[in-house]
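Peer 1: need coordinates for the following:
(one chain, ligands or ions: 2)
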Amino acid sequence: MATLSLKAVTKAFGPTKVIHGIDLDIAHGEFIVFVGPSGCGKSTLLRMIAGLEDVSTGDVEIDGAVVNAIPAAERGLAMVFQSYALYPHMSVKQNLSFGLENLGTPKAEIARRVDEAARMLRIEPLLARKPGQLSGGQRQRVAIGRAVVREPKIFLFDEPLSNLDAELRVQMRIEIGNLHQRLGNTMIYVTHDQVEAMTMADRIAVLRDGRLEQFGKPLDLYNRPANLFVAGFIGSPRMNFLSGKIAGVGANSVDVALDGGGTVSIPCAPEGAQPGEAVKFGIRPEHIGLTVNGAGDAALAVTLTEQLGGESYLHGALPSGETLSMRLAGQTRVARGDSIGLTLGEPGFRHLFHTDSGLAFAPLA
Ligand SMILES: Nc1ncnc2c1ncn2[C@@H]1O[C@H](COP(=O)(O)OP(=O)(O)OP(=O)(O)O)[C@@H](O)[C@H]1O
Ligand SMILES: [Mg+2]
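Peer 2: Numbering: from 1, shown residues only. Ligands and ions are numbered 1, 2, ... in the order given. From the prediction side, this is the model:
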């Protein structure tokens with residue numbers, strides 16, 4: 001078993017506070033992704049879990065026991081870094097076995113674990129080579145292998161794929177997913193790439209400026225973002241936000257008069273809705289419809305079309321000057337300079353946020 005809890009964890013480097021009190025409970029066997037923009041504190045948080053960085057206040061607990069004072073080597077964790085950090089003068093086999101030799105693991109046991117990891121990661125033919133004679137993806141597998149042989153309770157990954165090209169990243173993503181399936185260990189994976197987060201995680205922790213913005217299953221974050229930040233961060237192209245004012249409050253909905261003209265009704269729990277309050281209406285690119293006759297909820301002056309073959313993106317401006325992106329399945333004849341009519345989503349796909357706090361109006365259950 002390996003559960004992990006963070007209890008009101010903070011971190012300050014001298015006078016600079018970078019983690020502002022994070023609570024998080026991770027169950028045994030979960031694949032957790034920490035995601036957020038550069039500098040939000042992902043690596044710092046991971047390093048505090050690993051024991052490579054002290055916590056300033058709060059507790060890190062593994063299997064219910066506080067480990068704040070336990071040195072990194074005794075926490076039963078293994079970390080894979082973006083830089084791989086392989087020993088250049090040692091062979092792949094030596095890189096894999098070195099840590100275990102230092103721990104005094106018996107030779108036969110080391111051989112068994114190295115063989116097993118090499119087979120699992122398909123690096124058996126490379127065992128005699130030095131890291132300099134490997135491709136980036138092969139080096140990455142060796143770095144993962146070095147963590148695997150330690151048979152840790154929890155794996156920690158810090159942006160392990162960011163040095164790889166797009167194709168290899170997709171492949172390694174699948175391999176790490178398979179590894180998780182096979183080993184069933186708890187894994188924590190740091191990335192700034194929301195696609196990696198969506199595809200790999202059981203649950204995602206979205207961080208910003210040292211705070212936890214939301215923690216949940218990928219599609220829950222996508223379908224029910226708790227605030228403007230998560231709504232804008234998860235999903236690509238990002239959710240569109242249009243400014244408006246509350247025009248009417250129903251029992252299970254709020255009507256919003258958009259600053260750019262027109263009114264939309266958003267199904268949601270209307271608690272706290274004040275007529276006249278400034279709000280942001282949110283709608284994802286794939287939920288906007290193209291009307292046949294140019295009618296609809298809004299008119300868009302198209303400034304850019306991107307044709308990817310299987311899908312197309314249209315970007316443009318509304319009469320208010322606000323920009324909007326929409327996604328169409330397949331290919332389109334719409335071109336730059338065209339004016340098109342839009343429908344702003346089925347009601348169930350509409351989101352509403354308080355402009356001041358950024359918090360979402362709660363969706364209906
Ligand atoms: N040793 C340090 N001394 C002072 N500030 C630090 C130190 N290490 C990190 N920081 C600051 O803490 C904040 C969080 O850094 P961290 O490396 O955790 O971010 P990150 O989310 O991993 O970013 P990236 O995606 O760029 O790797 C940053 O503002 C960084 O400048
Ligand atoms: Mg980092």
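Peer 1: residue in the stretch 101-250 of the chain with the shortest distance to ligand 1?
Peer 2: H192 (4.7 Å; CB to the nearest ligand atom). Every C-beta, even on glycine, is put in place using the N, C-alpha and C of the backbone.
Peer 1: which parts of this structure sit against ligand 1?
Peer 2: 13, 16, 18, 36, 38-44, 192 (CB under 6 Å from any ligand atom).
Peer 1: ok, then the element right after the lowest-mean-pLDDT helix or strand in the chain?
Peer 2: Lowest on mean pLDDT, DSSP states H and E among the helices and strands of the chain sits helix 166-183, with a mean of 86. For helix 166-183, the succeeding helix or strand toward the C-terminus, using DSSP states H and E, is strand 186-191.
Peer 1: who does whichever helix or strand comes after that following strand touch, helix- and strand-wise?
Peer 2: The first helix or strand that comes after strand 186-191 along the chain, using DSSP H and E, is helix 194-200. Counting contacts by 3 or more CB pairs under 8 Å, 6 or more residues apart in numbering; DSSP states H and E, helix 194-200 packs against strand 31-35, helix 166-183, strand 186-191, helix 218-223.
Peer 1: buried ones in the helix or strand containing S312?
Peer 2: Assessed by DSSP H and E, S312 sits inside strand 311-317. Using 16 or more other CB atoms under 10 Å as the test for burial, strand 311-317 gives 312-316.
Peer 1: neighbouring strands for whichever helix or strand comes after that strand, and are they parallel or not?
Peer 2: Following strand 311-317 in sequence order, the next helix or strand is strand 323-329 (DSSP H and E). For strand 323-329, the pairing partners within the sheet under DSSP bridges are strand 311-317 (antiparallel).
Peer 1: related to what we said a few turns ago, residues making contact with the strand holding S312?
Peer 2: Under the contact criterion CB atoms under 8 Å, 6 or more residues apart in numbering, strand 311-317 has outside partners 237, 285, 300-306, 323-332, 334, 340.
Peer 1: I'd like to know which of those are buried.
Peer 2: 285, 300, 302, 305, 324-328, 332, 334, 340.
Peer 1: which pair in the residues you listed spans the largest distance?
Peer 2: For those, the maximum inter-member distance is 15.3 Å, found between L324 and T332 (CB to CB).
Peer 1: of the residues of the chain next to ligand 1, buried ones?
Peer 2: Looks like the residues of the chain next to ligand 1 have 18, 36, 40-44, 192 buried, using 16+ other CB under 10 Å.
Peer 1: among the residues you listed, which are located in strands?
Peer 2: V18 (DSSP state E).
Peer 1: now the buried ones among the residues of the chain next to ligand 1 as CSV including pLDDT?
Peer 2: Listed next are those as CSV, based on pLDDT from 0 to 100:
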residue, pLDDT
V18, 97
G36, 95
C40, 96
G41, 97
K42, 96
S43, 95
T44, 97
H192, 90
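Peer 1: farthest-apart pair in the buried ones among the residues of the chain next to ligand 1, please.
Peer 2: V18 and H192 (15.9 Å).
Peer 1: for the closest residue to A298 other than its chain neighbours, give me its contacts.
Peer 2: Nearest non-adjacent residue to A298, counting by CB to CB, 6 or more residues apart in numbering: L342, 4.8 Å away. Residues counted as contacts of L342 (CB under 8 Å, 6+ apart) are 288-291, 296-300, 324, 326.
Peer 1: tell me the secondary structure at L342.
Peer 2: strand (DSSP: H, G, I helix; E, B strand; the rest coil).
Peer 1: and it, bridged to which residues?
Peer 2: Going by DSSP bridges, L342 is paired in beta bridges with L290, A298.
Peer 1: from R333, how far out is it?
Peer 2: 16 Å (CB to CB, to the nearest Å).
Peer 1: mind splitting the chain into its structural domains?
Peer 2: 4-232, 239-354 (automatic domain parsing).
Peer 1: would CSV of the ones you listed with distance to P363 be doable?
Peer 2: Output for the domains of the chain, formatted as CSV (distance: least, CB to CB, whole Å):
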stretch, distance to P363
domain 4-232, 5
domain 239-354, 6
